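# Please find the sequence and the predicted model below.
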Amino acid sequence: MSLVDTPDSLTLSKGNGRPGAPPVLRPRGSNHVGMRQFNERVVLHAIRLNGSLPKAEIARLTGLTAQTIGLITTRLEDDGLLIRHEPVRGRIGQPSVPMALNPDGAFSVGIKIGRRSADLLLVDFTGAVRRRESMHYTFPDAQTLLPAIKTHMAAIQDGLGALALRLVGVGLAAPFNLGGWHKMLGLPPTVSDEWNHIDLSAQVQSFTEAPVSFARDTAAACVAELVAGRGRDLKSFLYLFVDTFVGGGLVINSHLHNGVHGNAGAVASLPLGVSTGKGLPEQLLARASLWELEQSFKEHGLDPTAAYDERAMQAPYEVFTSAWIASASLALAQCVVSGTAFLDIDAVVIDGSFTRAMLTRLIDHTEAALATYDWEGLWPAMLVSGSIGSDARALGGALLPLHENFAPDRDIFLKAS
């Protein structure tokens with residue numbers, strides 16, 4: 001079962017038909033084989049959440065019998081998905097042998113295509129980043145970027161050598177409308193419109209035999225926070241990611257909620273005022289996006305790319321960054337209050353493509369801005385700092401194929417007992 005709300009319709013496949021590839025584990029089924037595959041996913045899930053575990057502890061966490069755990073761990077070890085650590089001797093009885101995920105058991109690639117940069121991450125079975133490729137630009141040109149992605153993909157797969165057979169999938173993260181808001185970006189419509197006629201998933205699929213899946217970029221970032229970050233301790237949260245344009249995602253009951261059109265949590269278009277009938281209200285992206293900080297730097301003869309690195313918090317940039325934070329935090333606070341009123345969530349997680357020092361300052365100012373709102377009738381949501389940063393979108397893309405192939409079903413996904 002995937003992270004998102006999709007039908008329970010996966011089928012059993014041994015390595016996608018490729019000899020030497022890891023088995024793709026079906027989440028559940030009405031027969032013995034389907035249940036066995038589901039139990040294998042449960043065991044992998046327990047180890048992924050808790051780290052290396054002896055068989056007795058796996059049995060306790062999963063509720064499966066010791067005999068069943070013994071059979072499952074043997075199969076998963078034979079398939080190259082689990083490895084044994086050195087025995088640990090206790091005071092009484094036989095030494096226990098911890099079982100752990102084999103980092104080389106499976107791999108996935110996450111590709112983030114953004115308005116200012118593209119990243120490719122090779123992620124192993126434990127979720128660790130093994131290789132990174134990055135490209136930076138003013139705005140992505142399809143005729144240049146797509147061939148570059150093809151070259152980087154080939155290099156990543158060649159670098160895996162024989163382990164390339166264990167590449168289970170590619171997760172592509174990009175904005176739904178990459179050419180959107182072209183007027184704000186100062187682009188002619190012909191440049192931005194090019195992306196409206198490109199099937200990104202099909203293009204990337206032509207670069208690899210591994211299956212390619214697509215997710216909205218900030219939804220993929222939300223997945224990274226859900227799987228590998230603060231989301232593991234939160235049941236329901238609104239996720240805000242500040243990049244060239246601000247965006248977000250929504251987690252309900254530990255699952256990414258897409259909405260009818262895939263736009264749940266896409267806060268960029270949130271109006272910041274009531275329409276008076278005399279022009280369109282300003283949207284959140286106009287006040288809480290790094291694009292605005294870029295323009296401030298440019299107007300004062302400074303490098304706009306400093307918005308994404310440590311220079312933003314240093315002279316001569318810092319004075320303009322402080323002004324942007326003061327404005328952006330007010331807009332984000334309105335978004336937080338609106339989200340709380342509609343969703344009744346545990347928390348709002350804020351992250352972005354900037355330094356951790358800048359994130360801390362932005363959250364502090366947003367907390368102060370929240371204190372200026374009337375919360376009567378609402379239970380205030382907790383404001384939480386995201387833990388992934390600029391890698392979130394590519395990492396989230398890479399985690400999707402691993403989840404689709406090896407995680408249990410939605411009912412127990414990502415929450416420890």
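Structure received.
# For the rest of this, base every contact and every neighbour count on C-alpha atoms.
Fine.
# what about the strands in the protein?
Assigned by DSSP state E, the strands in the chain fall at 82-84, 99-101, 107-113, 117-124, 129-136, 167-174, 212-216, 237-242, 247-252, 255-256, 347-352, 382-385.
# Make JSON lines out of these and add mean pLDDT, distance to residue 47 and mean neighbour count.
Below are the strands of the chain laid out as JSON lines (pLDDT from 0 to 100; distance: least, C-alpha to C-alpha, whole Å; neighbours: other C-alpha atoms under 10 Å):
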{"stretch": "strand 82-84", "mean pLDDT": "96", "distance to residue 47": "9", "mean neighbour count": "19"}
{"stretch": "strand 99-101", "mean pLDDT": "96", "distance to residue 47": "6", "mean neighbour count": "22"}
{"stretch": "strand 107-113", "mean pLDDT": "97", "distance to residue 47": "17", "mean neighbour count": "29"}
{"stretch": "strand 117-124", "mean pLDDT": "97", "distance to residue 47": "15", "mean neighbour count": "23"}
{"stretch": "strand 129-136", "mean pLDDT": "96", "distance to residue 47": "19", "mean neighbour count": "14"}
{"stretch": "strand 167-174", "mean pLDDT": "96", "distance to residue 47": "19", "mean neighbour count": "28"}
{"stretch": "strand 212-216", "mean pLDDT": "93", "distance to residue 47": "25", "mean neighbour count": "21"}
{"stretch": "strand 237-242", "mean pLDDT": "96", "distance to residue 47": "25", "mean neighbour count": "29"}
{"stretch": "strand 247-252", "mean pLDDT": "94", "distance to residue 47": "23", "mean neighbour count": "25"}
{"stretch": "strand 255-256", "mean pLDDT": "88", "distance to residue 47": "20", "mean neighbour count": "23"}
{"stretch": "strand 347-352", "mean pLDDT": "97", "distance to residue 47": "26", "mean neighbour count": "25"}
{"stretch": "strand 382-385", "mean pLDDT": "96", "distance to residue 47": "26", "mean neighbour count": "18"}
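# Identify whichever of the ones you listed lies nearest to residue 367.
strand 382-385 (7.3 Å; C-alpha to C-alpha).
# Sheet partners, orientation included, of the closest one?
Sheet pairing of strand 382-385 (DSSP bridges) gives strand 347-352 (parallel).
# picking that back up, could you dump the strands of the chain into CSV and include distance to residue 189?
Listed next are these as CSV, based on distance: least, C-alpha to C-alpha, whole Å:
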stretch, distance to residue 189
strand 82-84, 51
strand 99-101, 49
strand 107-113, 19
strand 117-124, 20
strand 129-136, 21
strand 167-174, 19
strand 212-216, 22
strand 237-242, 25
strand 247-252, 22
strand 255-256, 33
strand 347-352, 27
strand 382-385, 36
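# Quick one: closest of these to residue 401.
Using C-alpha to C-alpha, the nearest of the strands of the chain to residue 401 is strand 167-174, at 5.2 Å.
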